[in-house]
Each structure stands twice: as C-alpha cells, then as structure tokens.
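> Got a sequence here, can you model it:
(6 chains)
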Protein chains: 4
Amino acid sequence: MPQASADLASRLLDSALSLFAERTYEGTQMPAVAHHAQVGVGSIYRYYASKEILGNAAFRHAKGGLLAGLTAATAQPTTSSREEFAQIWQGFTRFAGAHPAAFAFLEHQQHDTFLDTESRALAAEIDTFAADFIERGQRAGEIREGDAPVLVALALGAFGGLLKSIRPQLVTDLSPQALAGAESAVWDLLHRKT
Amino acid sequence: MPQASADLASRLLDSALSLFAERTYEGTQMPAVAHHAQVGVGSIYRYYASKEILGNAAFRHAKGGLLAGLTAATAQPTTSSREEFAQIWQGFTRFAGAHPAAFAFLEHQQHDTFLDTESRALAAEIDTFAADFIERGQRAGEIREGDAPVLVALALGAFGGLLKSIRPQLVTDLSPQALAGAESAVWDLLHRKT
Amino acid sequence: MPQASADLASRLLDSALSLFAERTYEGTQMPAVAHHAQVGVGSIYRYYASKEILGNAAFRHAKGGLLAGLTAATAQPTTSSREEFAQIWQGFTRFAGAHPAAFAFLEHQQHDTFLDTESRALAAEIDTFAADFIERGQRAGEIREGDAPVLVALALGAFGGLLKSIRPQLVTDLSPQALAGAESAVWDLLHRKT
Amino acid sequence: MPQASADLASRLLDSALSLFAERTYEGTQMPAVAHHAQVGVGSIYRYYASKEILGNAAFRHAKGGLLAGLTAATAQPTTSSREEFAQIWQGFTRFAGAHPAAFAFLEHQQHDTFLDTESRALAAEIDTFAADFIERGQRAGEIREGDAPVLVALALGAFGGLLKSIRPQLVTDLSPQALAGAESAVWDLLHRKT
DNA sequence: TATGAATGAGGATTCATTCAT
DNA sequence: AATGAATGAATCCTCATTCAT
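The predicted structure follows:
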C-alpha cells in the first residue's frame, strides 16, 4: 500500500480543516484531530511535526485549492469583465460548495497567530488575482473607478458574508435564483454605471 | 479618583476587547488582559467571574455599542432609502473609527465557542435592524428584490471586508473619496436598477 | 464602647469556630469568616495576624472551654468513680450542648496541619485529666485494668461517636433516656466487673 | 510489566489515600499525589477526572474494603452475639492493621465537602451492617436495650478513638493483651448485664 | 479603627508532544 | 509504522494577605 501514508496525511488535513472551521485553530486539540481521522495521536506527528505546521498545511491546502479552483474556472477566454466575473463567481461557488470546511476556515479573521510567511504569501495571491481582474475591468471601462484592493475587499467580503449567513448549510442549498440574485448584486457592486 | 472602581470594570473590558480583536478570544490569556489593563490577575475576577463571562461582556459591549451607534445615526427622519443608507453607513463608519477593536472583534467568525444565549440574541438584533431597512426599501421600490437576510449578509459582509482589508489602520485613514466610493459601491449592491 | 474590640475578637472566634466545624479549617476562607462575623476581611487581621493564628486561637478557645467545663463539673467532691464519671459525663454533655460547633471542631481528626506547640499541649491536658480519673478509678478497683490512655481513647471515642451520629442536631435533642442509656453504656465500657 | 496501567490507577488511589489520611482531602495537592505515586500530574487525570472524583474513589475504595473485610470476617456462622462481635472486632482490627491509611481517612469527620451520593450510600451500608448486628443481639437478649444507631455510634466511636490514639503506629503494635482488653471493654459497652 | 478593593503566589486542570511498545 | 499512555509547561482561577482610604 504505497499510497497509504499519502492518504493518511490528507485524511489528517481534512479532519484538521473541518475541526478548525468548526472550533477555531486554537480551540481544536490534537487528540480531537486524531480521533476525527481515526488514528492515534502519535500518528499525526509522523506527518506534521507540530500543531502549527498542521495549521499552516491546512491553511495552504484550503487557500491553494481555492486558487486552483479560480484558475480553472477562468481558463476559458472571455470577452467581457461581466463574463469573467461570472467565471470567478462560479469558481468561488463551486469551491465553497465542494469544500465548505475549507472555505469557512479561510473566512476566519484571525489566522495571524499561527500563519507562517509562506502561508501569508499564498493568501496574498488570491488578492492579487482578484486585483488583476478588477484593474483589467477598470481599464476596459466595465468596472467602477476606485482603489482595486478596496473593491476586492468589498466583493470578497460580500461573498464571504453570504456564505457565513447560510452556515452550516451549503451554498448549494441556496436556490438558483437566490444565488443568481446575489451574483448580480455583487456585480453591481463592481460594475461601472454609465 | 472617585471613578476608580467603576472604571476598572470598563478598563478591563477595553483591554479584553483589544486583545481579543488582536489574538482571538481563545488566544488571549487572562494574565495578558490583566497586564494590559495594568492590574493584577485576581482583580479581573472581582468584575468578571470567568473568562467566558468576560468574553460575553466584551461581545455585548461591542455589539451593543454598534447597535446604539446605528440607532443614533438613523434617528433623523429621511425621505429615501438612499438617505437612510447614508445614515447607516455613517453609523458603521463612525463606530468602526471610534472603536476599531470592538468592530474587529465583532468581525471574527468564531464566537460560537463561548457566546451565551443573551449574547446571541443581541447579535440577532443587528440583523433584524438591517433586514427591516432592506424590507422597507424593497417595498418602496428602491432596493432590489431578493431575500432580505441574503442582502443583509452581502452588504454587511462587504463592509466587514473593507474594514478587514485596511487593518490595522483606521477607517478614518481611508481617503474621503475612497470611503465615498465604497459607500456608493455598497449602495449599488442594494439599489434597484430601473 | 470599651469592650467593642474584645467583643469583635470573640465574635470572630465564634464565627471561625462554626465555619471550621462545618467546612474544615482548610475549607474555610477568611472572607467567609469575615462575612459570618459581619465585618470586613481586613478587620480579622487586626485581631488575628494570620489564618493559622486564628485557627489556633479557635482551637484553644474550644479546648480550653471544654477543659474549664470539665473542671467546673468535677468541682464537687465525690465518693466513687461512678459519681465522678457522672460529673464528667455531664461536663461533656453540657459543653457539647452549649457549644456544638466548638465540640464538633475538636472532633475533627486532622488539626495537625495548623496546630502549634501550645495548642498541642492544651490538647494533651484533656487526655491527662481523663487519664488521671481512670487511674484513680483503677486504684480504687472501680475501673477495669488496662492502659489508661487506651481506656481514655475508647471512652472519648465513644462519646465523640455519639455526638457525631446526631449531628447536626444538638445533644440536648436526645431523649433523657437515650442519653442516660449512653452514659451507662460508656460507664460499662470502663467499669470493672466483679 | 503487563499490569502497569491497571496498577497506576490503584497506585494513585493508594497515594491519594495515604496523603488524604495524613493531611486531609483539602490539604492535599494533586501534584503531591502525583509525586507520591511517582507519576506526572497529568497522569492522574487519565484515571480520575478531577480531585473530587479521586476523593470519592479513595473514600469508596476504603469504605468498600472495610465492608468487604467485615463481610468476610463474619462469614462463619456463630452461636452468640459475643462470638459474632469477636468476628466483627477482628474484621475491624485486621482492616485497620492492613490498611491504616484507609482506616484513618475514614475516621476523618469532614468528608461532607466532597462526597457524592454514591459514596454516602456506601457509608450508610456499614452503619446498616452494624445496626443489624445490634438489633439481632437485642432480640436475643445479649445486647443492651436502646436505640441501635446510638449503640452503633458509641461502639464505632470507641474503636475509632482507639485507633486514633495510637496513630501513627499500627494496631498491630498494640500488645495482644491491650487489644483483648479493648475488645472486652467495647463488648461491655454493648453487652446486656443480667 | 474599620473597610474591602487589589494583589499574586499557589492550586486544579488541560493539552501539545514524546516515546516505549 | 502506528499507537496511546505518560509528561509537565502553561492556563484558568482561588484566596490569604495588604494597604489606601
């Protein structure tokens, strides 16, 4: 069973993620992670040398997964910011639907206590990705004027608020209409009115 | 110093709030709160019987302050949802400017581990307040159709995202233009296009 | 009010005694003593420099009171050990009835953690008093042979057992018959059968 | 050492018992128990969830052991109360000799602060056991008239007094004569004179 | 003289981490 | 490789004692 250990590592990551999402990084005990993953405590340490390292791995797993989802969603060329926005929206939506714990964990405001430099750098990538989209849209005259990071913060904040409000349900539980309505509301947040 | 002891309780609340905002409720130690408030650890317990009680007091202080700020800001009668929105926006902005730690603490996603029923009830009041505003605007045809709680979540999320993005600076450090831009962006999120 | 402070000192002693009796020396907090005596905590320290000193004072007050009661009860000359035993029994009975908390406190087995030398010496006096009575009775052929301290331990133990069993009622709640029966049982424990 | 972990629980119980006997439940610190049992503090909590639970376990271990000893000692049928009393006396004597700390702990007057309902129930069993013996003897005309609980209290009190007086020596240090003398003294406390 | 708010050392308990099996 | 019992530093909380009023 050559992939046994790889499996265990990722099972641990999933367990950590769902417990962190539910009870906070600080509020989650290593024995609880072990129990959730159905392994002995000691086994965690074979894959993650410390709780801090596990926390960072979980964060990077989540953030990296989101970034990959967004990249994949925006792979098809588009002809307008609105279309690209739709792709991004779908990227977020799918990721949040497929990995609710990961998304919830990323939404926590306080990772500062344990994130290392590499994790912080990864976190910044999402912002850069979003800011690029905003700036492109502004140059094309489709997105309103203003500081790109500010617009990113508003839009991501709105999406996060939406997800937080329906917790612990899944995004996929929202009616298509409600979701479509939210999408156009957030687009209007960004859209340049003529 | 006749106000000494009444003050101590609120000095402790402030200290707790700023440390909780910075490092999470779980990540803050009682001795750290005592140190920040420049008192002995034991003194905390004269005013707050446990960390959990202190946490709830801090939460209620913050949430109650925000609610009071919003109520005050919307006291003047208005003739349109846009105007009322401006009042609310100012209420949020002022509160976040005046009590950045309190606002940051409220933005944390994970209070579930320690909030008691009373605190949760207070938290719901803000949502009700906002949902009322939304529904009134919808009836007046000024605010877009859709589930009121969903719109509330989007708008509050956007505002929260904004504040989070500039941390640890103050809202008041944003240029008036940036702030005004953000305000109209969020309004457009809510506004019914004709 | 010249006796005010003497009063306070003894009120504190009484409070201490009844709390110690109820909850143990170790289980009683200084603030609880203050509260029971209706004074501020600080005031205790004007009369008793520390909890340990208060504990010893309470112990000596109780033990000394019992010794005084026994001495008074046996003041009248008697012509037999049985008569003297009756006096002693009455001495114990009256003291336990009049000062139930003091008696209960003395019955606790563990004073070793705080008693000082002087208190221990006083404690020994009761034993000496009782051993004297036993030895006199043995010389007169009225009390059975055997180690005097052993007989003392048995008799005092029996009396203590009696009191413990009816706690928290008072000795005076026992029917005169029951009390008389207990008295003759304990006398038979000591009495030399012919 | 296959019995290691089952042993740890009982080693902890023994350590707790001897420290509680010596210094009171309240006067004994968990680290002291750990030290005495030669384990880390944390290990106590794997077996006993709190000090209170440890205290109750220790009490029940002691009381249960005594009850078992008495039951075993009285297993042989007897033809008189005097004989049965001899069995009971031997039961007490052996238990106190074999488990001096357990016996001393049981003699403490103040368990009220931490005993739970189950422990109290067990404590009552000894009294019932003794009261049964008394009542049987009374019906047979061998034991004096009087309230059975009162006679039990007197007899147990006497035995307790005896043990207390020789502490910290062992019962087994008493000369056989002294012990036999004490036994007949206590029997005379109970015996119905003709 | 009396008070009780303030203090901080000390005690109970938790939990990340180790290591013998 | 996996386990989970054992560890003890770190955390919450208590309470004897002090001292400004």
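> Run the chain-centre distance for the helix or strand harbouring residue A:101.
For residue A:101, the element it lies in under DSSP states H and E is helix A:100-107. Centroid separation for helix A:100-107 versus its chain: 6 Å, with Cα atoms, centre = their mean, to the nearest Å.
> Just the mean pLDDT for that helix, thanks.
The pLDDT scores in helix A:100-107 average 93.
> Not counting it itself, show me its contacts.
Residues outside helix A:100-107 that contact it (Cβ atoms under 8 Å, 6 or more residues apart in numbering or on different chains): A:14, A:17-18, A:20-22, A:58-59, A:61-63, A:65-66, A:95-96, A:160, A:163-164, A:167-168, A:170-171, B:109. Every residue, glycine included, has its C-beta placed from N, CA and C.
> Swap in 6 Å and give it another go.
A:17, A:18, A:20, A:21, A:62, A:96, A:160, A:170, B:109 (Cβ atoms under 6 Å, 6 or more residues apart in numbering or on different chains).
> which residue packs closest to residue A:12, ignoring adjacent ones?
Closest residue in space to residue A:12, ignoring its immediate chain neighbours: residue A:37 at 5.0 Å, by Cβ to Cβ, 6 or more residues apart in numbering or on different chains.
> brain fart, residue A:136
Per Cβ to Cβ, 6+ apart, closest to residue A:136 is residue A:81, 7.0 Å.
> and what of residue A:55?
Per Cβ to Cβ, 6+ apart, closest to residue A:55 is residue A:114, 4.7 Å.
> That neighbour should be in a strand, yeah?
No - read with DSSP: H, G, I helix; E, B strand; the rest coil, residue A:114 is coil and lies in no strand.
> how near is it to DNA strand E?
Using Cβ to the nearest atom of the strand, to the nearest Å, we find residue A:114 at a distance of 11 Å from DNA strand E.
> just residue A:173 next, same as before
Separation of residue A:173 from DNA strand E (Cβ to the nearest atom of the strand): 32 Å.
> So for that residue, what's the pLDDT?
For residue A:173, the predicted pLDDT is 82.
> Now for residue A:177, how many residues are close by?
Residues within reach of residue A:177, counting by other Cβ atoms under 10 Å in any protein chain shown, total 11.
> Please disregard the earlier target; I meant residue A:119.
For residue A:119, using other Cβ under 10 Å, the count is 19.
> Equivalent analysis for residue A:140, please.
So residue A:140, with other Cβ under 10 Å, has 12 neighbours.
> Need phi/psi at it.
phi -80, psi 0 (degrees, to the nearest 10).
> right, and residue A:59 touches residue A:119 too?
Yes - between residue A:59 and residue A:119 a contact is recorded at 5.1 Å, counting by Cβ atoms under 6 Å.
> what stretches of chain A score poorly on pLDDT?
A:1-6, A:168 (pLDDT under 70).
> For it, which segments are assigned as helices?
A:4-23, A:30-36, A:41-47, A:51-73, A:81-98, A:100-107, A:117-139, A:148-166, A:176-190 (DSSP state H).
> I'd like to know which of those helices lies nearest to DNA strand F.
helix A:41-47 (1.8 Å; Cβ to the nearest atom of the strand).
> Who are the packing partners of that closest one?
Counting contacts by 3 or more Cβ pairs under 6 Å, 6 or more residues apart in numbering or on different chains; DSSP states H and E, helix A:41-47 packs against helix A:4-23, helix A:30-36.
> So the last one, near chain D or not?
No - Helix A:30-36 does not reach chain D (Cβ under 6 Å from any Cβ of the partner chain); its nearest approach is 11.7 Å.
> roughly how far is that helix from the heart of the chain?
That offset, for helix A:30-36, works out to 23 Å (Cα atoms, centre = their mean).
> Could you tell me which residues of chain A lie near DNA strand E?
A:28, A:29, A:30, A:31, A:41, A:42, A:45, A:49, A:50, A:51, A:52 (Cβ under 7 Å from any atom of the strand).
> For these, pick the one with the most neighbours.
Going by other Cβ under 10 Å, residue A:28 tops those with 23 neighbours.
> on that earlier part again, could you single out the nearest of the contacts of helix A:100-107 to residue B:133?
Distance to residue B:133 across the contacts of helix A:100-107 (Cβ to Cβ) is lowest for residue A:160, with 20.9 Å.
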